[in-house]
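A.B. asks: Could you work out the structure for the sequence below:
(one chain, ligands or ions: 1)
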Amino acid sequence: MWNGKNKALTFSYDDGVLQDARLIKLFNKYGLKATFNLNSGRLGFIESIRSGGAQVDHSVVRAENVRELYSGHEIAAHTVTHPMLPSLSEDGIVSEIKEDCSKLASLCGYDIVGMAYPGGGVNHDARVIQTIRNRIPNIRYARTITSTYSFDLPKDLLELDPTVYHMELDRMEELAQAFLKLEPEKPQLFYIWGHAYELDAAADDAFWLRIERIFSSLAGRDDIFYGTNREVLLDMPGPKQ
Ligand SMILES: [Zn+2]
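C.D. replies: Numbers count the residues shown, from 1 in each chain. Got it, this is the predicted structure:
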């Protein structure tokens, strides 16, 4: 696993927004790997939303650009239409996820093996998890939005809590420094998630510049495995889905 290394770093970004292109340039510049969770029913939507006190573009990548834009990284599911899954029937949950997987697979040319739960707040519950476990076996991991601030490996990949949300910039920076210093006896995972559009919310590219500094500090280390979610999570010791 992890090419014999005990530390792994992975990223997870949601909604398939146009700002993913800028983020991918940074990931590629620093040799980092990420997973992008897309809503197949929203591809090509044009809109803007409030984020961090600013109005930012929330337009979504067009279907015909998906394969090329995300090549070298991983595409995962985020449901077709971005509903709150706990409010749906079991069949509704299954069709939102399964249909997203099959549409995304046809765009990117490989099977989808993971997802991020859409929406904030209570975006998953025991019934949603059980439905995925019983009826959508191709989904091997599903990410929440609950920061653990920990590098310990997740216990249940269908309730995969990330280490930190990227807009918790101070916390992310502290965690990055701690992760770089670690010389662990057991495998440790640094898992960062966010939305690329949130980085547009500060003047003078302040968020973009700050996150690039953190990326560059984490890059190029011999003792860290840089992988997509699939590469990091499905090649991990301990409990598997
Ligand atoms: Zn989302």
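A.B. asks: any idea how far Phe45 is from Ala63?
C.D. replies: 11 Å (Cβ to Cβ, to the nearest Å). All C-beta atoms are positioned from the backbone trio N, CA, C, and that covers glycine.
A.B. asks: likewise Gly114?
C.D. replies: For Gly114 relative to Phe45 (Cβ to Cβ), the value is 23 Å.
A.B. asks: For Leu233, give me the pLDDT.
C.D. replies: Listed pLDDT for Leu233 reads 97.
A.B. asks: Return the residues of this protein in contact with the ion.
C.D. replies: Residues of the chain found near the ion (Cβ under 5 Å from the ion) are Asp14, Asp15, Pro118.
A.B. asks: from what I can see the last one touches Val80, true?
C.D. replies: No. With contact defined as Cβ atoms under 8 Å, Pro118 does not count as touching Val80 (9.7 Å).
A.B. asks: picking up where we left off before, what about Gly114 and Phe45, which has more around it?
C.D. replies: Gly114 (27 against 15; other Cβ atoms under 10 Å).
A.B. asks: need the strands for this protein, in chain order.
C.D. replies: Under the criterion DSSP state E, strands of the chain are mapped to 7-14, 34-38, 48-51, 54-57, 74-77, 114-116, 141-143, 164-165, 188-194, 224-226.
A.B. asks: Name the strands paired with the first one and say parallel or antiparallel.
C.D. replies: Using DSSP bridges, the neighbouring strands of strand 7-14 in the sheet come out as strand 34-38 (parallel), strand 188-194 (parallel), strand 224-226 (parallel).
A.B. asks: now the closest residue to the ion within the chain, nearest residue through space, not along the chain?
C.D. replies: Proximity of the chain to the ion (Cβ to the ion) peaks at Asp14, 4.0 Å away. Excluding the flanking residues, the one nearest Asp14 by Cβ to Cβ, 6 or more residues apart in numbering is Asn37, at 4.8 Å.
A.B. asks: average pLDDT across the helix ranked longest in the chain?
C.D. replies: Taking DSSP state H as the criterion, the chain has its longest helix at helix 90-108. What helix 90-108 shows for mean pLDDT is 98.
A.B. asks: contacts for it?
C.D. replies: 38-41, 63, 66-67, 70, 75-81, 83, 85, 88, 111-112, 115, 127-128, 131-132, 135-136, 138-139 (Cβ atoms under 8 Å, 6 or more residues apart in numbering).
A.B. asks: How far away from the center of its chain is that helix?
C.D. replies: Remark: helix 90-108 is offset 17 Å from the chain centroid, using Cα atoms, centre = their mean, to the nearest Å.
A.B. asks: Just want the angle from it to strand 34-38.
C.D. replies: Helix 90-108 runs at 120 degrees relative to strand 34-38, counting by axes from the mean of the first three to the mean of the last three Cα atoms, to 10 degrees.
A.B. asks: can I get the CA coordinates of helix 90-108 in CSV?
C.D. replies: Presented in CSV, the C-alpha positions along helix 90-108 are these (Å, rounded to 0.1, in the frame of the first residue of the first chain):
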residue,chain,number,x,y,z
GLU,A,90,-34.6,4.5,-0.6
ASP,A,91,-35.4,4.2,-4.3
GLY,A,92,-34.8,7.9,-4.7
ILE,A,93,-31.4,7.7,-3.0
VAL,A,94,-30.4,4.7,-5.2
SER,A,95,-31.4,6.4,-8.4
GLU,A,96,-29.7,9.8,-7.6
ILE,A,97,-26.4,8.0,-6.9
LYS,A,98,-26.6,5.1,-9.5
GLU,A,99,-27.6,7.4,-12.3
ASP,A,100,-24.8,9.8,-11.4
CYS,A,101,-22.3,7.0,-11.5
SER,A,102,-23.4,5.7,-14.9
LYS,A,103,-23.5,9.1,-16.5
LEU,A,104,-20.1,10.1,-15.1
ALA,A,105,-18.6,6.8,-16.1
SER,A,106,-19.7,7.3,-19.7
LEU,A,107,-18.1,10.7,-19.7
CYS,A,108,-14.8,9.8,-18.0
